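S.K.: take this sequence and fold it.
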Amino acid sequence: MVARLERALVHDDVMVQEEAVLALARLGDERVAPAALRLLASDDADRRRRAVDAVAALRPAGAAMALEPLLADPEPRIRARATTVLGHLDPGRAARALENRPEDSDPGVQYARSEILHELDLSA
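M.R.: As a prediction, the model looks like this:
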């Protein structure tokens, strides 16, 4: 299975390549970390969400910086997941970013923010 996914990384179809990156990231293949970070900027919300999970699993250098813009993503599920992952990857960056952001209108994002701030002992 891994060999097929590796072949898919060079497939002519970009969507096939992206799916292979996400699948290999779920398997813990650190070689795809740079591609997973790039997928955080995908136009496709589902790909961004799955890229957040891939980055959470791989924990590559630069992940926290790449995740921070997703705190303002148009999709609440992505904002919530990015909040949680950022808080676990880089607590200091998360604390600064969350303290400087206005309260989110989405209950799921509010919950993620409150949980992370509580974990960081910064509950408001």
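S.K.: dump stretch 7-20 to CSV, keeping only the CA atoms.
M.R.: Extracted as CSV, the C-alpha positions of stretch 7-20 are listed here (Å, rounded to 0.1, in the frame of the first residue of the first chain):
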residue,chain,number,x,y,z
ARG,A,7,3.9,6.4,-6.7
ALA,A,8,0.8,8.6,-6.4
LEU,A,9,3.0,11.4,-5.2
VAL,A,10,4.2,11.9,-8.7
HIS,A,11,0.9,11.3,-10.5
ASP,A,12,-0.2,13.6,-13.2
ASP,A,13,-3.4,14.6,-11.3
VAL,A,14,-2.6,17.1,-8.5
MET,A,15,-5.6,15.9,-6.5
VAL,A,16,-4.2,12.3,-6.5
GLN,A,17,-0.9,13.7,-5.3
GLU,A,18,-2.6,15.6,-2.5
GLU,A,19,-4.6,12.6,-1.4
ALA,A,20,-1.4,10.5,-1.3
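S.K.: can you give me the buried ones in that stretch?
M.R.: Residues 8-9, 17-20 are the ones in stretch 7-20 that count as buried (16 or more other Cβ atoms under 10 Å). Glycine gets a C-beta too; all of them are placed from N, C-alpha and C.
S.K.: tell me how far that stretch lies from the chain's centre.
M.R.: 20 Å (Cα atoms, centre = their mean, to the nearest Å).
S.K.: repeat for stretch 61-68
M.R.: From the chain centre to the centre of stretch 61-68 is a distance of 8 Å (Cα atoms, centre = their mean).
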